[in-house]
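Engineer: Model the following, please.
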Amino acid sequence: MASSTNSNKWKLLYASRPKTTVLMALILTLPAIIGSIKGDISLQSMLIKYLIALVLSWIGLSILAVIVSGYLRPKKNKNIENVFSIYKTTKQN
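Structural biologist: Here you go, the predicted model:
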């Protein structure tokens with residue numbers, strides 16, 4: 001049951017990445033967008049800045065997703081497994 005919950009959390013994180021990436025890229029290039037609207041920055045320059053921000057946001061969120069997914073996966077506690085194996089062997093003797 002817990003593994004399906006963790007799997008669903010990972011799918012949700014993975015599915016929301018494109019939306020979050022676009023939003024982050026827009027926020028990062030907001031000064032360039034405003035400058036382009038005012039005519040201070042050319043449209044090509046603004047689009048290049050947006051593309052760079054989009055790539056950097058995608059890479060950053062991919063790294064963050066890998067880190068978060070590492071914490072979502074359940075870890076096996078080897079100490080408890082060793083205690084149970086010792087208990088089983090002593091109980092059989």
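Engineer: Going by C-alpha atoms from here, please, whenever you check contacts or count neighbours.
Structural biologist: Fine.
Engineer: which residues of the protein score low on pLDDT?
Structural biologist: Scanning the chain with the threshold set as pLDDT under 70 gives 1-16, 73-93.
Engineer: what about S69, which SS state?
Structural biologist: Look at S69: counting by DSSP: H, G, I helix; E, B strand; the rest coil, its state is helix.
Engineer: ok, it - how many residues close by?
Structural biologist: As a burial measure, S69 scores 17 neighbours (other CA atoms under 10 Å).
Engineer: Let me know the distance separating it from P18.
Structural biologist: 17 Å (CA to CA, to the nearest Å).
Engineer: One more: L54?
Structural biologist: Distance from L54 to P18, by CA to CA: 10 Å.
Engineer: more neighbours, the two?
Structural biologist: Comparing L54 with P18 by other CA under 10 Å, the one with more neighbours is L54, at 21 against 15.
Engineer: can you tell me which residues contact the more buried one?
Structural biologist: Neighbouring residues of L54 by CA atoms under 8 Å, 6 or more residues apart in numbering: T21, V22, M24, A25.
Engineer: got the CA coordinates for the helix or strand hosting the last one in PDB?
Structural biologist: By that I understand A25. Assigned by DSSP states H and E, A25 falls within helix 17-28. The C-alpha trace of helix 17-28 is given here as PDB (Å, rounded to 0.1, in the frame of the first residue of the first chain):
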ATOM      1  CA  ARG A  17       7.400  19.400 -14.000                       C
ATOM      2  CA  PRO A  18       6.600  20.900 -17.500                       C
ATOM      3  CA  LYS A  19       4.100  23.400 -16.000                       C
ATOM      4  CA  THR A  20       6.400  24.400 -13.300                       C
ATOM      5  CA  THR A  21       9.300  24.800 -15.700                       C
ATOM      6  CA  VAL A  22       7.400  27.100 -18.000                       C
ATOM      7  CA  LEU A  23       6.300  29.200 -15.000                       C
ATOM      8  CA  MET A  24       9.800  29.400 -13.700                       C
ATOM      9  CA  ALA A  25      11.200  30.400 -17.100                       C
ATOM     10  CA  LEU A  26       8.600  33.200 -17.400                       C
ATOM     11  CA  ILE A  27       9.400  34.500 -13.900                       C
ATOM     12  CA  LEU A  28      13.100  34.400 -14.700                       C
END
